[in-house]
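Undergrad: no letters, just coordinates:
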């Protein structure tokens with residue numbers, strides 16, 4: 001992934017997590033599973049929809065064969081799987 005695309009992905013995910021947080025943003029990496037996890041304390045009820053930034057992020061990641069998964073359960077959680085899909 002080139003530098004500009006990586007910056008866009010991180011800016012969108014971390015920026016959204018901060019913007020829509022009520023108090024915490026948690027960022028974690030898991031090298032064994034090639035994962036980046038961004039989580040905040042926004043409840044699903046507060047969700048105002050997935051904006052252009054999330055769709056742009058998904059398209060950038062798919063261009064490189066990576067995967068973005070969004071979970072809206074107790075917390076907003078974005079998972080990026082950096083291992084290429086086979």
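TA: Looks like it came in fine. Bear in mind the structure is a predicted one, so any value in this text is a computation, not a measurement.
Undergrad: which helix or strand contains residue 38?
TA: Counting by DSSP states H and E, the element that carries residue 38 is strand 35-40.
Undergrad: least confident secondary structure element in this protein?
TA: Between all helices and strands in the chain, the lowest mean by mean pLDDT, DSSP states H and E belongs to strand 76-81, at a mean of 71.
Undergrad: what helices or strands is that one leaning on?
TA: With contacts defined as 3 or more Cβ pairs under 8 Å, 6 or more residues apart in numbering; DSSP states H and E, the packing partners of strand 76-81 are helix 3-19, strand 35-40, strand 67-72. Heads up, the C-betas are built off the backbone N, CA and C, glycines and all.
Undergrad: contacts for it, please.
TA: Outside strand 76-81, the residues within contact range by Cβ atoms under 8 Å, 6 or more residues apart in numbering are 9, 13, 16-17, 20, 33-42, 44, 47, 61, 66-71.
Undergrad: tell me what angle it forms with strand 35-40.
TA: 170 degrees (axes from the mean of the first three to the mean of the last three Cα atoms, to 10 degrees).
Undergrad: mind listing the strands strand 76-81 pairs with, and their directions?
TA: strand 35-40 (antiparallel), strand 67-72 (antiparallel) (DSSP bridges).
Undergrad: which of these sits most buried?
TA: Greatest average neighbour count among the strands paired with strand 76-81 goes to strand 35-40 (a mean of 19), per mean count of other Cβ atoms under 10 Å.
Undergrad: which residues are in contact with that strand?
TA: The contact list for strand 35-40, computed with Cβ under 8 Å, 6+ apart, reads 13-14, 17-18, 20-22, 24-30, 75-82.
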